[in-house]
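1. turn this into a model:
(one chain, ligands or ions: 1)
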Amino acid sequence: EHILDESKKYITFNKRKIKKINILEGRTIFNLFFEDSTRTRTSFEVAAKRLGADLINVVVKDSSINKGETLLDTMTTINSMNPDVLIVRHPEEGISKKISESVDASVINAGDGSHEHPTQALLDLFTIQQVHGSLEGCKVAIIGDIMHSRVVRSNIIGLKKLGAEVVLCGPKTLIPKFITEMGVTVSYDLEECLAWCDVAMALRIQLERQGKGTEFFPSLREYHEKFGIKAKHLEAYPQFKIMHPGPINRGVEMESLVADNERAVILDQVTNGVAVRMAILYLLSGGTRI
Ligand code: NCD
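-> You can find the predicted model right below:
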């Protein structure tokens, strides 16, 4: 809640013509992305630069990892340059926690494999609060590749903590066996979820994490048929808003008409992401208040 409150200031700040303040002047922040990313990496970069920090992007294909250096060696080497924050995206689950135990800098998990993506969840919580007023009692349906999604796991933790109700929806093969132990319910019926929810959060089908690809369901076309949000759903159930962490596969998770509909807050999520990350960087780096 403190992070969400702190983020509000930056929403106003980011609408100013001069979007730069030097509260993190002299701080050194590394963006260490070992996986493809456009929005999360640039969102952190914009956030750090607007606060006046020096941000270094480490391009992984140029790093010594390719010369056989282990990841922890790379991290302790960077740590010896006295950075303040390391922002890490990596395909291995739990890696940012491990790194945080061997460096002095603060470590932000920007997505570790299929495990967690906490800053995405925080920006999602912020966006839901913005459209729904409160998270207490808010009904959130999360639809798609639950099995391989780090976004969903962080969202469940945050949503439940702040009193929202969560229903997960997707093909049986993409719902992990013990997920209800996180306090959520599961539905295999998209229409039922859309009739019930205040917010429908669609998740990308993570083909890159699904081994051979379509072994979890017969085809993307069939997936879209059963679990894609369509214009007809917007008409039938006029109450729900649409979210997606991006990148969207138009025609798979949702029809283009849905993604571009005024009830979709997908671009607000991106805008809010910068503010939330500014708040997080400020809180971690101990800068002066704005
Ligand atoms: C998500 C991610 O990388 O985990 N995207 C993001 O951070 N904006 C979701 C995804 O890749 O589908």
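2. report the buried residues of the strand or helix carrying residue 283.
-> Element membership for residue 283 (DSSP states H and E) is helix 266-285. Across helix 266-285, burial judged by 16 or more other Cβ atoms under 10 Å covers 266, 268-282, 284-285. To be clear about C-beta, it is placed using only N, CA and C from the backbone, and glycine gets the same treatment.
3. pretty sure residue 239 sits against residue 198.
-> Yes - contact criterion Cβ atoms under 8 Å: residue 239 and residue 198 qualify, at 6.6 Å.
4. out of these two, which sits in the busier spot?
-> More crowded of residue 239 and residue 198, by other Cβ atoms under 10 Å: residue 198, with 18 against 12.
5. show me which residues of the stretch 1-150 of the chain sit near the ligand.
-> Near the ligand, the residues belonging to the stretch 1-150 of the chain are 39, 40, 111, 117, 120, 150 when assessed by Cβ under 6 Å from any ligand atom.
6. same list (the residues you listed) but as a markdown table, adding neighbour count, distance to residue 24 and pLDDT.
-> Shown next, in a markdown table, are these (neighbours: other Cβ atoms under 10 Å; distance: Cβ to Cβ, whole Å; pLDDT from 0 to 100):
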| residue | neighbour count | distance to residue 24 | pLDDT |
| --- | --- | --- | --- |
| 39 | 15 | 21 | 92 |
| 40 | 23 | 19 | 97 |
| 111 | 24 | 22 | 96 |
| 117 | 25 | 23 | 98 |
| 120 | 26 | 22 | 98 |
| 150 | 25 | 27 | 97 |
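7. could I get these as CSV with secondary structure and distance to residue 223?
-> Putting those into CSV (DSSP: H, G, I helix; E, B strand; the rest coil; distance: Cβ to Cβ, whole Å) gives the following:
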residue, secondary structure, distance to residue 223
39, helix, 23
40, helix, 25
111, strand, 23
117, coil, 22
120, helix, 22
150, helix, 20
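8. for the residues you listed, work out which two are farthest apart.
-> 39 and 150 (14.3 Å; Cβ to Cβ).
9. follow-up on the earlier one: and the helix holding residue 283, how far from the chain's centre?
-> 11 Å (Cα atoms, centre = their mean, to the nearest Å).
10. tell me how far the closest residue to residue 230 other than its chain neighbours lies from the ligand.
-> Nearest residue to residue 230, sequence neighbours excluded (Cβ to Cβ, 6 or more residues apart in numbering): residue 255, at 5.0 Å. Distance of residue 255 to the ligand, given as Cβ to the nearest ligand atom, to the nearest Å: 18 Å.
11. now tell me what touches stretch 95-109 from outside.
-> By Cβ atoms under 8 Å, 6 or more residues apart in numbering, the residues outside stretch 95-109 that reach it are 30, 44, 71-72, 75-76, 78-79, 82-88, 90, 110, 112-113, 116-119, 280, 284-285.
12. and the residue of the stretch 151-290 of the chain nearest the ligand?
-> residue 204 (3.3 Å; Cβ to the nearest ligand atom).
13. that residue - how many residues pack around it?
-> Residue 204 - counted by other Cβ under 10 Å - has 19 other residues nearby.
14. helix, strand or coil for residue 3?
-> helix (DSSP: H, G, I helix; E, B strand; the rest coil).
15. now do the same contact list for it.
-> Going by Cβ under 8 Å, 6+ apart, residue 3 touches 122, 276, 279, 280, 283.
16. and residue 189, by the same measure?
-> Residues near residue 189 by Cβ under 8 Å, 6+ apart: residue 169.
17. how close does it sit to residue 196?
-> Using Cβ to Cβ, to the nearest Å, we find residue 189 at a distance of 10 Å from residue 196.
18. contacts for the least confident helix or strand in the chain by mean pLDDT next, please.
-> Least confident helix or strand of the chain, by mean pLDDT, DSSP states H and E, is helix 71-79 with a mean of 90. With contact meaning Cβ under 8 Å, 6+ apart, helix 71-79 is reached by 30, 32, 34, 58, 63-65, 69, 86, 90, 95, 98-99, 102-105.
19. mind listing what's buried in stretch 176-184?
-> 176, 179, 184.
20. now distance to residue 234 too, for the residues of the stretch 1-150 of the chain next to the ligand, in CSV please.
-> Shown next, in CSV, are those (distance: Cβ to Cβ, whole Å):
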residue, distance to residue 234
39, 24
40, 28
111, 30
117, 27
120, 24
150, 28
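21. poorly predicted segments of the stretch 101-250 of the chain, please.
-> 211-214 (pLDDT under 70).
22. need the helices for it, in chain order.
-> For the stretch 101-250 of the chain, the helices defined by DSSP state H, counting those that start in this stretch cover 118-132, 150-161, 190-196, 220-227, 231-236.
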